[in-house]
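K.L.:
I need the structure of the sequence given here:
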Amino acid sequence: MEKIEKNNPGLQLTRYAPTPSGFLHLGNIYSFILTYQLAKKYSAKILLRIDDLDRERVRKTYLQDIFHTLDFLELPYSFGPKNLNDFEQNYSQALRMPLYLDALEVLKNNGNLFACNCSRKKIQKISPNGFYNGSCRDRRLDFTEKNMAWRMLLSSNQELKIKDLINGDILCKVPEEIVDCVLKRKNGLPSYQLASVIDDLHFGTNLIIRGIDLWPSSLAQLYLSSLLPENTFSKAVFFHHSLMKDNEQKKLSKSEGALSIRYLRKSGKKKEDIFKAIGSWLGREAPTSNLEDFSFLQMIPLK
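P.N.:
Numbers count the residues shown, from 1 in each chain. Below you'll find the predicted structure:
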């Protein structure tokens, strides 16, 4: 694969960013198809970025499933690991740990973080909606103590500007559920919010396509990036797509259930069947039996 041209402002880069905590399902593939079509429209390259930082949930079988699924559906990408061995040797997030830790030190030294020892049970007890209420903000707890999370000072009054693919610049307030989000977990590992920003800065991602459920994360990550040196993340363009749901209108989860690609593949389904199922969910009457049949997704305008 080609080498990523880092720090080239003319390079438009997007990514598939699966998490190997379960088997990929139809909703993941819809997101990948949308990413492929929009990358094609805007002459962007695609990076395969696998988020494997949560070692408690990562399994090799889930990692291998990512490569099997992309190969089975012939979903292309320009940069990233070719197989499991290549990923573990050259692309695992564990290899970028020094970048994450350096960023945390910068944020801590600049006064952008505070230590928190609240458990989920305590947060739930204090706040019935489960959202953190800032109870440790002024306690000045020691960052070095055991079982201490590091949170970013982020108020719901904070106004942010996000570059939206359809609507252009949008000014909005931070959603309550992402206020004072964790950047370093109690187990010492960087959180998804921090690692995702550092990875996008590292690789130069500037077209981010993700589910609408990650809208709060996008805002938190934009604010986080503004606290870091050489912030190019603020120039990224976002598109938040709708989510595929099951018969009970619940978001699809990663499992070996009937909607996982692994299950469908082992049940004898072909890639054409997968594409038809996604096309049907989108309400398309025209055939969607291959990747290029989804070119109608390129109709999304860029402001």
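K.L.:
just the strands in the stretch 151-300 of the chain please.
P.N.:
For the stretch 151-300 of the chain, the strands defined by DSSP state E, counting those that start in this stretch occupy 159-164, 168-173, 182-184, 207-211, 237-241.
K.L.:
Minimum distance to R140: which of these has it?
P.N.:
For those, proximity to R140 was assessed by Cβ to Cβ; strand 182-184 is nearest, at 16.9 Å. Bear in mind the C-beta positions are built from the backbone N, C-alpha and C, glycine included.
K.L.:
follow-up on the earlier one: make a markdown table out of the strands of the stretch 151-300 of the chain and add mean neighbour count, mean pLDDT and distance to I300.
P.N.:
Putting the strands of the stretch 151-300 of the chain into a markdown table (neighbours: other Cβ atoms under 10 Å; pLDDT from 0 to 100; distance: least, Cβ to Cβ, whole Å) gives the following:
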| stretch | mean neighbour count | mean pLDDT | distance to I300 |
| --- | --- | --- | --- |
| strand 159-164 | 16 | 94 | 11 |
| strand 168-173 | 11 | 94 | 13 |
| strand 182-184 | 22 | 98 | 32 |
| strand 207-211 | 21 | 95 | 10 |
| strand 237-241 | 19 | 95 | 7 |
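K.L.:
what's the closest of those strands to K251?
P.N.:
Of the strands of the stretch 151-300 of the chain, nearest to K251 by Cβ to Cβ is strand 207-211, at 8.2 Å.
K.L.:
As CSV, the strands of the stretch 151-300 of the chain with distance to N110 would be great.
P.N.:
Shown next, in CSV, are these (distance: least, Cβ to Cβ, whole Å):
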stretch, distance to N110
strand 159-164, 19
strand 168-173, 23
strand 182-184, 13
strand 207-211, 25
strand 237-241, 26
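K.L.:
so how far is P190 from A94?
P.N.:
For A94, the distance to P190 equals 11 Å [Cβ to Cβ, to the nearest Å].
K.L.:
Actually, S280.
P.N.:
39 Å.
K.L.:
Pick out whichever of these two has more residues nearby.
P.N.:
Set S280 next to P190 and count neighbours by other Cβ atoms under 10 Å: P190 wins out with 24 against 11.
K.L.:
residue contacts, that one?
P.N.:
For P190, the contacting residues are 53, 97, 100-101, 104, 183-184, 198, by Cβ atoms under 8 Å, 6 or more residues apart in numbering.
K.L.:
What's opposite it in the beta bridge?
P.N.:
K184 (DSSP bridges).
K.L.:
before we move on, the earlier item: by neighbour count, which of the contacts of P190 wins?
P.N.:
L183 (26 neighbours).
K.L.:
Would you confirm that it contacts S191?
P.N.:
Yes. The criterion here is Cβ atoms under 8 Å, and L183 meets it with S191 at 5.4 Å.
K.L.:
Look up how far L141 lies from the spatially closest residue to E230 that is not a sequence neighbour.
P.N.:
Spatially, and ignoring its direct neighbours in sequence, E230 is nearest to L201 (7.4 Å; Cβ to Cβ, 6 or more residues apart in numbering). Counting by Cβ to Cβ, the gap from L201 to L141 is 29 Å.
K.L.:
between the two, which one's more packed in?
P.N.:
Shown here are L201 and L141; by other Cβ under 10 Å, L201 has more neighbours (20 against 14).
K.L.:
ok, now which ones touch that one?
P.N.:
Going by Cβ under 8 Å, 6+ apart, L201 touches 225, 228, 230-233.
K.L.:
Check it and give its pLDDT.
P.N.:
If you check L201, the pLDDT there is 95.
K.L.:
how about A115, secondary structure?
P.N.:
Assigned state for A115: strand (three-state reduction, DSSP: H, G, I helix; E, B strand; the rest coil).
K.L.:
quick one: it from L189, how far?
P.N.:
16 Å.
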